[in-house]
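[1] sequence first, then the predicted structure:
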Amino acid sequence: MIPRGLIVAVQFLTRLPTPRVGDLEPRDLSLSAVFFPLVGAMIGVAVALAVWSLRPVDPWVGALAGVVMWVWITGGLHLDGLGDVADAFGASHRAPERFAAVLGDPHVGSFAVMAITLQIASKLVLLALVPATAVPWALILIPAWARFGALVWSCTVPPLKSGVAERFSADIRWSMIGAWSVVLIGASAWVALPLVAALAIIPLGSLFWRWRLNGINGDCLGASVEVTESLLLLAIVLGKA
């Protein structure tokens, strides 16, 4: 029987079909957090298959397939957060008090368009440059590390206000984080050593949100996932150079 928390995590993080879960409660999202890195690995499998299947045609064709799969399978969930945060930072450059208001605005501004375009372009270029020997395992682990980061950021940075971020962090335990860190460090050391850079990237994300906002919300988590994925792709490219 598939755990309820895993189904909720798959429903929240992906567009994959799942069994129906009835009577969803706000706490279900927090209880599903333990499965976030696993769902990240599932996303990574789909991306790796897309890249690997078309890479023999041309590395750029494989990279394009990977980006399309990455966006489709996640429904652009974290890209949306990146765009919202970019708009908020852009609009509050000279008026910090505007950050929260712009972050809650559903409209898309020019900063969001630029941030999302640059993020997709970054992933396209970096996927094309990832060495063929690193493609399967590195691409499976990168989304897992990024969603592991969401657990860490939620536990180390207070929520900006009541909302998704606050509910998400309610049932996250350090024992959970410790267990996943052992799994991900071990896997990375075995098949994709440059990914241990996540041990620096993820804490730096916590420090950034504490310094910049002294808080975090769902959009900030999504933006952090996207940035972490690109930085880990860069680590693989530089580490295999």
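    Now that the structure is in, tell me what you want to look at. On a predicted model such as this, the values are computed, not experimentally measured, just so you know.

[2] can you list the low-confidence ranges for this structure?
    94-97, 105, 162-167, 241 (pLDDT under 70).

[3] which stretches of it form helices?
    4-13, 26-31, 36-54, 59-74, 77-91, 99-103, 110-129, 135-156, 164-169, 174-191, 198-212, 218-239 (DSSP state H).

[4] got CSV for those, with mean neighbour count and distance to residue 19 too?
    Where you see a C-beta, it was placed from the backbone N, CA and C, and this is true even at glycine. Below are those laid out as CSV (neighbours: other C-beta atoms under 10 Å; distance: least, C-beta to C-beta, whole Å):
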stretch, mean neighbour count, distance to residue 19
helix 4-13, 20, 6
helix 26-31, 16, 14
helix 36-54, 22, 15
helix 59-74, 20, 18
helix 77-91, 22, 20
helix 99-103, 17, 34
helix 110-129, 17, 31
helix 135-156, 24, 21
helix 164-169, 20, 22
helix 174-191, 15, 24
helix 198-212, 16, 32
helix 218-239, 23, 25
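
[5] same list (the ones you listed) but as JSON lines, adding distance to residue 20.
    Formatted as JSON lines, the helices of the chain follow (distance: least, C-beta to C-beta, whole Å):
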{"stretch": "helix 4-13", "distance to residue 20": "9"}
{"stretch": "helix 26-31", "distance to residue 20": "13"}
{"stretch": "helix 36-54", "distance to residue 20": "18"}
{"stretch": "helix 59-74", "distance to residue 20": "20"}
{"stretch": "helix 77-91", "distance to residue 20": "20"}
{"stretch": "helix 99-103", "distance to residue 20": "32"}
{"stretch": "helix 110-129", "distance to residue 20": "32"}
{"stretch": "helix 135-156", "distance to residue 20": "23"}
{"stretch": "helix 164-169", "distance to residue 20": "21"}
{"stretch": "helix 174-191", "distance to residue 20": "26"}
{"stretch": "helix 198-212", "distance to residue 20": "34"}
{"stretch": "helix 218-239", "distance to residue 20": "24"}
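
[6] how many other residues sit next to residue 197?
    19 (other C-beta atoms under 10 Å).

[7] now the nearest residue to it once chain neighbours are set aside: how far from residue 47?
    Leaving aside its chain neighbours, residue 197 sits nearest to residue 235 (4.2 Å; criterion: C-beta to C-beta, 6 or more residues apart in numbering). Using C-beta to C-beta, to the nearest Å, residue 235 is found at 16 Å from residue 47.

[8] ok, now residue 231?
    Counting by C-beta to C-beta, the gap from residue 231 to residue 47 is 16 Å.

[9] I figured residue 229 hits residue 126, correct?
    No. Contact criterion C-beta atoms under 8 Å: residue 229 and residue 126 do not qualify, at 9.3 Å.

[10] what is in contact with the two at once?
    Residues touching both residue 229 and residue 126 by C-beta atoms under 8 Å, 6 or more residues apart in numbering: none at all.

[11] returning to that earlier point: list the contacts for the residue nearest to residue 197?
    194, 195, 197.

[12] return the distance of it relative to residue 193.
    For residue 235, the distance to residue 193 - C-beta to C-beta - is 9 Å.

[13] same question, residue 184
    Plainly put, residue 184 is 12 Å away from residue 193 if you go by C-beta to C-beta.
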